[in-house]
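J.: pasting the sequence and the predicted coordinates here, then a few questions.
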Amino acid sequence: MRIYPELPARRFATMSHDVLLVVVLVLLAWLGLKVHDAVDQLAVLGSGVKKVGDTVPVVGGPVSDLGQEGEDSVHYLANLLGLVVFGLPALLVLWWLLPERMAQVRKLNAASRALRGTHEPQRRRVLAHRAAYSLPYGRLLEYTDDPFGDLAAERYDPLVAAALEDAGLRAR
């Protein structure tokens, strides 16, 4: 299974995008943790009410329970806000980037399977024809000055290289 293209420039670009995605997710997790910690510090109010309730002899029980309930609610709110601050943006980023990346991996693996055995003469001829007839002219001219002349003269190497590079694979 291929995850990254074989060509160095494309591999570097794809890896850079993946690293950037991980950095964004770590940054969002850090931000969610900071929000959690900031809100969680408000639990001191509930613990203060609980402490006061513990010292009052007659009505202290309900006041202490109210303080404990407030403290628990603040902890719950801190967890919820931290998760929302991390989860929603992370979900949006993944929803935006992951399908494209998965499609790239599927295409790369399909091309790798379909273009096996390009050293065989018949396969090279067919692949050269595919490159000559399907790749844009500008792309073909990057590999050869006369793509159709090369095709007619059975000089398939530049056309095969163009087809393989178009798929993200390296000519062997």
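T.: Arrived safely. Please read these numbers as outputs of a predicted model, since none were measured by experiment.
J.: what are the boundaries of the helices in the protein?
T.: Here the chain has its helices, by DSSP state H, at 8-40, 43-55, 60-114, 121-134, 137-141, 147-152, 157-166.
J.: list the buried residues of the fourth one.
T.: Going by neighbour count (16 or more other C-beta atoms under 10 Å), the buried part of helix 121-134 is Arg124, Leu127, Ala128, Arg130, Ala131, Ala132. Just so you know, the C-beta spots here come from the backbone N, C-alpha and C atoms, and that holds for glycine as well.
J.: before we move on, the earlier item: weakest of the helices of the chain in terms of mean pLDDT?
T.: In terms of mean pLDDT, the lowest-scoring of the helices of the chain is helix 43-55 (a mean of 73).
J.: what are the buried residues along that one?
T.: Ala43, Gly46, Val49, Lys50, Gly53.
J.: now for it, which elements pack on it?
T.: Applying 3 or more C-beta pairs under 8 Å, 6 or more residues apart in numbering; DSSP states H and E, one finds that helix 43-55 makes contact with helix 60-114.
J.: name the helices or strands packed onto the helix it packs on?
T.: Secondary-structure packing of helix 60-114 (3+ C-beta pairs under 8 Å, 6+ apart): helix 8-40, helix 43-55.
J.: possible to save the buried residues of helix 121-134 as TSV with distance to Gly82?
T.: Listed next are those as TSV, based on distance: C-beta to C-beta, whole Å:
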residue	distance to Gly82
Arg124	58
Leu127	53
Ala128	57
Arg130	53
Ala131	53
Ala132	57
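J.: which among those residues gets closest to Ala162?
T.: Ala131 (4.9 Å; C-beta to C-beta).
J.: if I look at the closest one, how far off is Ala111?
T.: In this view, Ala131 and Ala111 are 13 Å apart by C-beta to C-beta, to the nearest Å.
J.: please apply the same query to Asp40.
T.: Applying C-beta to C-beta, the value for Asp40 to Ala111 is 50 Å.
J.: repeat for His36
T.: 45 Å.
J.: got it, and Tyr133?
T.: Per C-beta to C-beta, Tyr133 is found 17 Å from Ala111.
J.: what's the answer for Leu28, then?
T.: Leu28 sits 33 Å away from Ala111 when distances are taken as C-beta to C-beta.
J.: what do you get for Asp72?
T.: Asp72 is 56 Å from Ala111, by C-beta to C-beta.
J.: likewise Leu45?
T.: 61 Å.
J.: ok, Glu69 next?
T.: 61 Å.
J.: equivalent analysis for Ser16, please.
T.: Note on Ser16: its distance to Ala111, by C-beta to C-beta, is 21 Å.
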